[in-house]
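# Return atomic coordinates for the entry below.
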Amino acid sequence: MNKYNDIGTVVTIGTFDGVHKGHQTILNTLVKTAKKENLKSIVISFEKPVKQVAGVLTTTKEKLNLLSSFAIDEILLFPVNKKIISITAEKFFENILIKKLNAAHLVVGYDCTFGKDRKGNIAWLKKNAKKYGVALTVVKPVKINNRIISSSLIREKLEKNNIAVVNKMLLRVFSFEGTHITGNRIGRTLGFPTINIKVDENKLLPRGVFSCSVIDKNLNTYKGVLNIGTRPSVKLKKHNLSVEIHILNFSGTWRSKQVKVYINKFIRPEQKFKNIEELKKAIADDIKKA
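Purely as a prediction, here's the structure:
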């Protein structure tokens, strides 16, 4: 039996990578509409962007946590595979939105598209929603500095280390989660011990040196200097991307395996120094700035 047979729903559709200010406007409209019309609110999202991108702003876990912070009745997370992306807009609308979810109202962003070849755009929705007697609310774009806030714009700003603008578009501090791993202990030999973090390879990260806040498993908060890069000043066999943090005013052994890191401000790009003394001086300056 379909659990939505006896009650209608209000549904939104989107990837919601980043769950940024524009997405939040859609989600708030969804919840408000559901409450006003006595409907169940449903979010249909996807594990990752259908289009290939340099990296995601939110991992699946992070996205679900952010979506769950809204008073949404149900979140449906679809995988991005051949079966899903080959569903036509017609079948998606009829089989999923109407038959399965009993949608009475759709709340979507101005650029919403779904179905094979992205056929299910706003013009298509207006025509077919009317045909099935489904109400349609199209949420206008949200702008910053005369530019529409989007996941692609946030990626662009993140890759340029414009953390201040990224945080404004997200309405929160950009963060990532990771696992504490054993590093090469190079920072310790320089007099600046660091903790090394393994991050989901799909997560998009900026490159450079940043001030940050670190949360351990017990929810204790520490200030730190974050370095994301390839450590060009250190002689290594491989220069893979590393994520390491010098915790300020901390001594002893770091015990927390899982950490969450908030990137507060950009300090400088990663650079290659002539010698170790120059590197140590730069690190000391970074700590002072942080």
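# Can you list the low-confidence ranges for the stretch 101-250 of the chain?
183-191, 231-240 (pLDDT under 70).
# Quick one: the helices in it, in order.
In the stretch 101-250 of the chain, the helices defined using DSSP state H, counting those that start in this stretch lie at 122-132, 151-159, 163-170, 186-190.
# Looking at these, which is nearest to residue 206?
helix 151-159 (5.2 Å; CB to CB). For glycine as for every other residue, the C-beta is placed from the backbone atoms N, C-alpha and C.
# contacting residues around the closest residue to residue 208 other than its chain neighbours?
Excluding the flanking residues, the one nearest residue 208 by CB to CB, 6 or more residues apart in numbering is residue 269, at 4.6 Å. Contacts for residue 269 (CB atoms under 8 Å, 6 or more residues apart in numbering) come out as 161, 207, 208, 209.
# Which pLDDT does the model give residue 46?
Looking at residue 46, its pLDDT is 93.
# need the helices of the stretch 101-250 of the chain in CSV with distance to residue 107, can you?
Output for the helices of the stretch 101-250 of the chain, formatted as CSV (distance: least, CB to CB, whole Å):
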stretch, distance to residue 107
helix 122-132, 11
helix 151-159, 18
helix 163-170, 21
helix 186-190, 49
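# can you put these in TSV and add mean neighbour count and distance to residue 200?
Listed next are the helices of the stretch 101-250 of the chain as TSV, based on neighbours: other CB atoms under 10 Å; distance: least, CB to CB, whole Å:
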stretch	mean neighbour count	distance to residue 200
helix 122-132	14	33
helix 151-159	19	15
helix 163-170	20	18
helix 186-190	16	23
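# so which of those gets nearest residue 142?
Per CB to CB, nearest to residue 142 of the helices of the stretch 101-250 of the chain: helix 163-170, 8.8 Å.
# That closest one to helix 151-159, inter-axis angle?
Computed with axes from the mean of the first three to the mean of the last three CA atoms, to 10 degrees, the direction of helix 163-170 lies at 160 degrees from that of helix 151-159.
# Touching helix 163-170 from outside, list them.
18-21, 144-145, 149, 153-154, 157-158, 173-174, 206, 210, 263-266.
# list the buried ones in stretch 129-144?
Neighbour-count burial for stretch 129-144, with 16 or more other CB atoms under 10 Å as criterion, is recorded at 129, 134, 135, 137, 138, 139, 142.
# what do you get for stretch 32-50?
33-34, 39-49.
# Now that stretch - C-alpha only, CSV.
C-alpha atoms of stretch 32-50 as CSV (Å, rounded to 0.1, in the frame of the first residue of the first chain):
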residue,chain,number,x,y,z
LYS,A,32,6.3,26.6,4.9
THR,A,33,4.1,25.3,2.1
ALA,A,34,3.7,21.9,3.6
LYS,A,35,2.7,23.4,6.9
LYS,A,36,0.2,25.9,5.3
GLU,A,37,-1.4,23.2,3.1
ASN,A,38,-1.3,20.4,5.6
LEU,A,39,0.9,18.2,3.3
LYS,A,40,4.0,16.0,3.9
SER,A,41,7.2,17.6,2.8
ILE,A,42,9.6,15.5,0.6
VAL,A,43,13.0,16.3,-0.8
ILE,A,44,14.3,14.2,-3.8
SER,A,45,18.0,14.6,-4.0
PHE,A,46,20.9,12.8,-5.7
GLU,A,47,24.1,11.4,-4.2
LYS,A,48,26.2,13.6,-6.4
PRO,A,49,25.9,16.0,-9.3
VAL,A,50,24.8,14.4,-12.6
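# quick one: contacts of it?
Contact with stretch 32-50 is made by 4, 7-17, 27, 30-31, 56, 60, 63, 67, 71-80, 84-85, 96, 101, 103-105, 107, 137, 151, 202, as judged by CB under 8 Å, 6+ apart.
# where does the most centrally placed residue in the chain land on pLDDT?
Central residue of the chain (CA atoms, centre = their mean): residue 58, 2.4 Å from the mean position. The model reports residue 58 with a pLDDT of 97.
# pretty sure it belongs to a strand, no?
No. Per DSSP: H, G, I helix; E, B strand; the rest coil, residue 58 lies outside any strand segment and is coil.
# My understanding was that it contacts residue 18; is that so?
Yes. With contacts counted by CB atoms under 8 Å, residue 58 reaches residue 18, the gap being 5.6 Å.
# Now the common contact residues for those two.
If you check residue 58 and residue 18 against CB under 8 Å, 6+ apart, no residue is contacted by both.
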